[in-house]
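S.K.: coords below, sequence missing:
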């Protein structure tokens, strides 16, 4: 049985030199790193580290916040979101990342500013524009669903699938983050199965947003579902400290277990679940 490809999101590594992050992932048997979606990073160094360590860049974790809003009533703000999405596609292409994450409405915006019909139309139009541009530089997009406390717009994978289908894009899929899914979906494994061929990115994380194995989710059904739908994308760990402002917690060094300890625990837990599914 072939293994999943494993990646770790660099958000909790943001206080250290990126070379140290690449080295850690190499030591613990990872395939890739998911980079934070800001373009002030040293592309030359990233590509050198890829060559030196064998660690690829799986994806770009675009930061959809503030005025990066594809469904805002103001055309100037919608354009900022479009421009940001295109810049992420360029960044991904420059470091060889196959996928960027797209959030049609920014995290923290919890109510609509226009009718459902109008916001849906803007989402289809603007996701399509980003997706078409991404295709032109050889990059796929994936729509991420967040829980109801962080967004009102996309909460469940079935709605994301409908949006992808409405765009008509061939390089777009949906993204399941198990932290959000644990809140919103009737069944995590059931939602993955229903998404089927549309699922092109996964954030594996435990119930408390810590490493798999540090919460109460049973990952065996999840692994079985991903195997059943022949999922071939990366399984990426996007882990964050338990705080209303996890980025402030990281800045205060309240995330140290997310470095060596959780980097090792996450991949060990998922590989153990894979072994159970395969009967090893």
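M.R.: Sure, I can see it. The structure displayed is predicted, hence computed values, not measured ones.
S.K.: Which parts of this structure are helices?
M.R.: 18-27, 43-53, 75-95, 116-136, 157-167, 178-184, 188-195, 219-228, 246-251, 260-278 (DSSP state H).
S.K.: what's the offset of the shortest one from the middle of its chain?
M.R.: Here helix 246-251 shows a centroid-to-chain-centroid distance of 19 Å under the convention CA atoms, centre = their mean, to the nearest Å.
S.K.: ok, residues contacting it?
M.R.: 11-12, 14-15, 209, 240-241, 243, 255 (CB atoms under 8 Å, 6 or more residues apart in numbering). Every C-beta, even on glycine, is put in place using the N, C-alpha and C of the backbone.
S.K.: on that earlier part again, out of the helices of the chain, the one nearest residue 107 is which?
M.R.: helix 178-184 (10.6 Å; CB to CB).
S.K.: tell me the mean pLDDT for that closest one?
M.R.: The predicted model gives helix 178-184 an average pLDDT of 97.
S.K.: buried residues in it?
M.R.: Within helix 178-184, the residues that count as buried by 16 or more other CB atoms under 10 Å are 178-182, 184.
S.K.: Looking at those residues, which is nearest residue 76?
M.R.: Of the buried residues of helix 178-184, the one sitting nearest to residue 76 (CB to CB) turns out to be residue 180, at 29.3 Å.
S.K.: Let me see the confidence value for residue 2.
M.R.: 65.
S.K.: what's the answer for residue 48, then?
M.R.: 98.
S.K.: Same check on residue 246?
M.R.: pLDDT at residue 246 comes out at 83.
S.K.: Endpoint to endpoint, stretch 204-213 covers what distance?
M.R.: 11 Å (CA to CA, to the nearest Å).
S.K.: pLDDT of that stretch, averaged?
M.R.: 96.
S.K.: Export the helices of the chain to TSV and append columns for distance to residue 68.
M.R.: Shown next, in TSV, are these (distance: least, CB to CB, whole Å):
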stretch	distance to residue 68
helix 18-27	23
helix 43-53	21
helix 75-95	5
helix 116-136	11
helix 157-167	17
helix 178-184	18
helix 188-195	24
helix 219-228	30
helix 246-251	16
helix 260-278	28
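S.K.: Show me which positions of the lowest-mean-pLDDT helix or strand in the chain end up buried.
M.R.: Counting by mean pLDDT, DSSP states H and E, the chain has its least confident helix or strand at helix 246-251, which shows a mean of 85. Neighbour-count burial for helix 246-251, counted by 16+ other CB under 10 Å, picks out 246, 249-250.
S.K.: now those in TSV, with distance to residue 40?
M.R.: Below are these laid out as TSV (distance: CB to CB, whole Å):
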residue	distance to residue 40
246	21
249	22
250	17
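S.K.: quick one on the thing from earlier: so which of the contacts of helix 246-251 is the most crowded?
M.R.: Neighbour tally across those (other CB atoms under 10 Å): the maximum, 25 neighbours, falls on residue 12.
S.K.: ok, that residue - contacts?
M.R.: With CB under 8 Å, 6+ apart, residue 12 has these contacts: 239-241, 250, 255, 258-259, 262.
S.K.: quick one on the thing from earlier: quickly name whichever of the buried residues of helix 246-251 is closest to residue 191.
M.R.: Closest to residue 191, out of all of the buried residues of helix 246-251 and judged by CB to CB, is residue 246, at 24.2 Å.
S.K.: Quick one: low-confidence residue ranges for the chain.
M.R.: 1-2, 280 (pLDDT under 70).
S.K.: Now do the same contact list for residue 4.
M.R.: Taking CB under 8 Å, 6+ apart as the test, what residue 4 contacts is 223, 226, 231, 234-235, 270, 274.
S.K.: What number of residues are in the vicinity of residue 270?
M.R.: Residue 270: 22 neighbours (other CB under 10 Å).
S.K.: distance of it from residue 260?
M.R.: 17 Å (CB to CB, to the nearest Å).
S.K.: Please apply the same query to residue 243.
M.R.: 20 Å.
S.K.: cool, and residue 226?
M.R.: For residue 226 relative to residue 260 (CB to CB), the value is 26 Å.
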